[in-house]
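**Student:** fold the following.
(3 chains)
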Amino acid sequence: MRGVWTVARKDLQSELRSKEAINASVSFALVILLIFSFAFEPTADETRAISGGLLWIAFAFAGALILNRSFARELQNDCLEAVIASPVAGWELFLGKAFGSFLLLFGVELICLPVFGIFYGINLTKTLWPLLLILVLGTWALTALGVTFAALTVNIRLRELMLPLLLYPALSPALMASMTLTTSLLTTGSFGTNNQPWIRLLIGFDVIFTSLALALIEFVLVL
Amino acid sequence: MNPASEAVLASEVWKFHGDFPALRGVSVSADRGTCLALLGRNGAGKTTLLRILAGLSTPSRGTVRILGTAPRLPMTRARAGYLGHGIGIYDELTARENLLHFARLYGVKNRDAAVSKWLERVDLKRVEDGRVREFSRGMRQRLAIARAFVHNPDVLLLDEPFTSLDDRAIALLQNLLRDAFARGCTAVLSTHQLREALELATHVALLDRGKLKFSGLRTQAMLDAPPSIYSEMETGG
Amino acid sequence: MSTMSTRQKLVYGLGATGTLLLIWNLYRVLLVLPDEMQQGAIYRIIYFHVPAAFVGWTLFLAALVASALYLWNKNLALDGFAASAIEVGWVFCSINLVTGMIWARIIWGIWWTWDPRLTSMFICWLLYGGYLVLRGAIDDAGQRATVSAVLAIFAFADVPIVFMAIRWWRTQHPSPVLETGGLAPEMRLPFWLNVFVFLLIGLAITLLRLDQEDTKRELEGLRRHAHAHAI
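**Tutor:** You can find the predicted model right below:
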């Protein structure tokens, strides 16, 4: 586990030093929120109905930026090779990168939430804790699957194009679940009795794909 | 040859890329305290072999042992140091942070002391808090060398380490390697820089298109006229 | 005939049998069977729409098994089979999507209805399409095989989750659905026959594709040999 923390710490250290990906992601997410306000001219009710979809579109695209940066930094100077040659296990490298990206993306989301609340006149404090729970589960799905696909495409032409192309269809069930649950929280103030299956789906998705990634990552890193 | 003294052992190693054999039944070994120079043209398979020895790649056939254990095991990797074509240091971190990171990955005890010591030895202590991004090429190379040595490896695997090093770095690396050999370390290095490598080498092996063409002691004749060794080895001299 | 390999004989055999049966079945489906009560002539499209999906999933399942086996023993022939199966399966998915869209157009007057099965199939079509694009972007055979195998495993694991999710989504946001309903007795034989026929043809084309993959691998190897000896 020490390896996990070492890798995550280094990723956070690098990113917080230059803040390139964070700045880009936050800007990008805010621009999306802004553009949607032009596109829909929402009243409060309409906004609430699309809130889940809107937030998660912004987070999904911002997440791709962070994930791309995470592996791009390892490719420069062949650092990835140096790390794989070290005693760190493949699963430690995967978890470390996933945690690092998760924390960065979660930070971006925490910045975007109040801005969203202000722009669209929605009070988020009433359902804050359930909302954060969905944010955690949904963001983990994004980063776990995203780091896996980033590792798959790390040595490939068109790498930056391939990642979203592969990631978004695969992620769609988790995105659907997150969007539905977020919208439900912001419109009705609770998860809703009909929405229990979505929570189970989101948790199940996280468990299944994290396990698969842990099992298969070694094959991808050592060719 | 006493098997227990072989620090590096590759036996009948084949590596296929698709249907193409990059390595064909290569068998080399290096005893503790020796330095094996891998020679050969580009595409001969030197990098492929070194990557397999470092645990970055698995052989299609054959066995590889580093200090008696498989290269991919964490305990083996902890005792081996690898310097590949890329320098393997992060531009956005400082010199100190880079070495600390790798010291952590390798489980080095007394990290701070070890990092300070190696920064001194490669003469980067003054700039330890400078970002690598701002370093000159020579400084980056010296830091890369420090990275490979920071955990005091018993086996060193170096892929063309002298290529594009400035004179100062070449001298530094040669000194570090000599000290390492005196401690009983083993090194396998591939090279085009015949003179610098042959000065250190105790044994040489020549690869050609994936096959081992020659292996044996490094002789004085090789040292006197480095380029001639290619023709010598090919005629079995 | 004696110069053909076993595999080629198998391909021609499967292909010929499949084609003959298909022709016979087409005759029955199009000319002999009566129209269905509510949907009219277009109902016959079910004989192609659903079997295409069956065969697509069967091929994807075969590709999953081949991919997992490849990761275990690194035999590139398995990678070739997985790639061929997924490519042919993807074509059958496309057939399913197109027939579904035609059906929707005739029945509901719109090309796309976000019907749960069509939507799920579309996502899977994108997933496996991504697999094919990924293969095209990697030159090294070993790396390509490993990366593809891992992706095939992830894709197949995702498929049931996608179907579940879209079904729940659609129960909460209902919209027009393509009714396949039960099959009347006289429809069952042509239906299952078509499933069988599509399987035969699908298998034949997969084996053809596998031949191409093997040849391509051989060529790549020879090219590398030539380059290596030319220096």
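**Student:** residues in a beta bridge with B:L158, which ones?
**Tutor:** On the basis of DSSP bridges, B:L158 is bridged to B:L83, B:L189.
**Student:** that one: what's it in contact with?
**Tutor:** With contacts defined as Cβ atoms under 8 Å, 6 or more residues apart in numbering or on different chains, B:L158 is in contact with B:L50, B:Y82, B:L83, B:A148, B:A187, B:V188, B:L189, B:S190. C-betas here are computed from N, CA, C, even on glycine.
**Student:** before we move on, what about B:H17?
**Tutor:** Taking Cβ under 8 Å, 6+ apart, we find B:H17 in contact with C:D140, C:A141, C:G142, C:R224.
**Student:** any idea how far the nearest residue to the first one once chain neighbours are set aside is from B:S190?
**Tutor:** When the adjacent residues along the chain are set aside, C:D140 lies closest to B:H17, with 5.8 Å between them (Cβ to Cβ, 6 or more residues apart in numbering or on different chains). Going from B:H17 to B:S190 by Cβ to Cβ, to the nearest Å gives 18 Å.
**Student:** residues from chain C in reach of chain B?
**Tutor:** For chain C, the residues in contact with chain B (Cβ under 8 Å from any Cβ of the partner chain) are C:74, C:76, C:140-142, C:217-218, C:220-222, C:224-225, C:227-229, C:231.
**Student:** in PyMOL, select just the buried ones from the residues you listed.
**Tutor:** The buried subset of those, as determined by 16 or more other Cβ atoms under 10 Å in any protein chain shown, is captured in PyMOL by this line:
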select buried, chain C and resi 74+76+140+141+142+217+220+221+224+228
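**Student:** may I ask which two of the residues of chain C next to chain B are separated the most?
**Tutor:** Using Cβ to Cβ, the two most remote members of the residues of chain C next to chain B are C:K74 and C:I231, lying 28.2 Å apart.
**Student:** which of the contacts of B:H17 fall within helices?
**Tutor:** Per DSSP state H, helices hold the following members of the contacts of B:H17: C:A141, C:G142, C:R224.
**Student:** could you dump the residues you listed to JSON lines with pLDDT and distance to A:W5?
**Tutor:** Listed next are these as JSON lines, based on pLDDT from 0 to 100; distance: Cβ to Cβ, whole Å:
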{"residue": "C:A141", "pLDDT": "87", "distance to A:W5": "37"}
{"residue": "C:G142", "pLDDT": "88", "distance to A:W5": "32"}
{"residue": "C:R224", "pLDDT": "78", "distance to A:W5": "42"}
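**Student:** and which of those residues is nearest chain B?
**Tutor:** Nearest to chain B out of the ones in helices among the contacts of B:H17 is C:A141 (Cβ to the nearest Cβ; 2.7 Å).
**Student:** spit out the contact partners of the closest one.
**Tutor:** Residues near C:A141 by Cβ under 8 Å, 6+ apart: B:H17, B:G18, B:D19, C:L76, C:D79, C:R217, C:E220.
**Student:** which residue is the nearest non-sequential neighbour of the third one?
**Tutor:** Spelled out, it's B:D19. C:G221 (2.9 Å).
**Student:** which stretches of chain B aren't confidently modelled?
**Tutor:** B:1-4, B:193, B:226, B:228-237 (pLDDT under 70).
**Student:** centre-most residue in chain C?
**Tutor:** Ranked by distance to the mean C-alpha position of chain C (Cα atoms, centre = their mean), the top residue is C:G89 at 1.8 Å.
**Student:** now swap in chain B and tell me
**Tutor:** Centre-most residue of chain B, counting by Cα atoms, centre = their mean: B:L158, 1.8 Å.
**Student:** and that one, how far from chain C?
**Tutor:** 24 Å (Cβ to the nearest Cβ, to the nearest Å).
**Student:** ok, the nearest residue to C:V150 once chain neighbours are set aside - contacts?
**Tutor:** Distances taken as Cβ to Cβ, 6+ apart place A:L216 nearest to C:V150, at 5.0 Å, with adjacent residues excluded. Neighbouring residues of A:L216 by Cβ under 8 Å, 6+ apart: A:T148, C:L71, C:V150, C:I153.
**Student:** out of the residues you listed, what pair is the most spread apart?
**Tutor:** The largest separation in the contacts of A:L216, counting by Cβ to Cβ, is between A:T148 and C:L71 at 14.6 Å.
**Student:** from the chain's centre, how far out does the lowest-mean-pLDDT helix or strand in chain C sit?
**Tutor:** The weakest-scoring helix or strand in chain C, judged by mean pLDDT, DSSP states H and E, is helix C:6-27 (a mean of 80). Here helix C:6-27 is found 17 Å from its chain centre; the criterion is Cα atoms, centre = their mean, to the nearest Å.
**Student:** I'd like the next helix or strand past it.
**Tutor:** The helix or strand immediately downstream of helix C:6-27 is helix C:46-73, counting by DSSP states H and E.
**Student:** buried ones in the helix or strand just after that next one, by neighbour count?
**Tutor:** Next helix or strand after helix C:46-73 toward the C-terminus (DSSP H and E): helix C:76-108. For helix C:76-108, burial by neighbour count (16+ other Cβ under 10 Å) applies to C:76, C:78-93, C:95-97, C:99-101, C:103-104, C:107.
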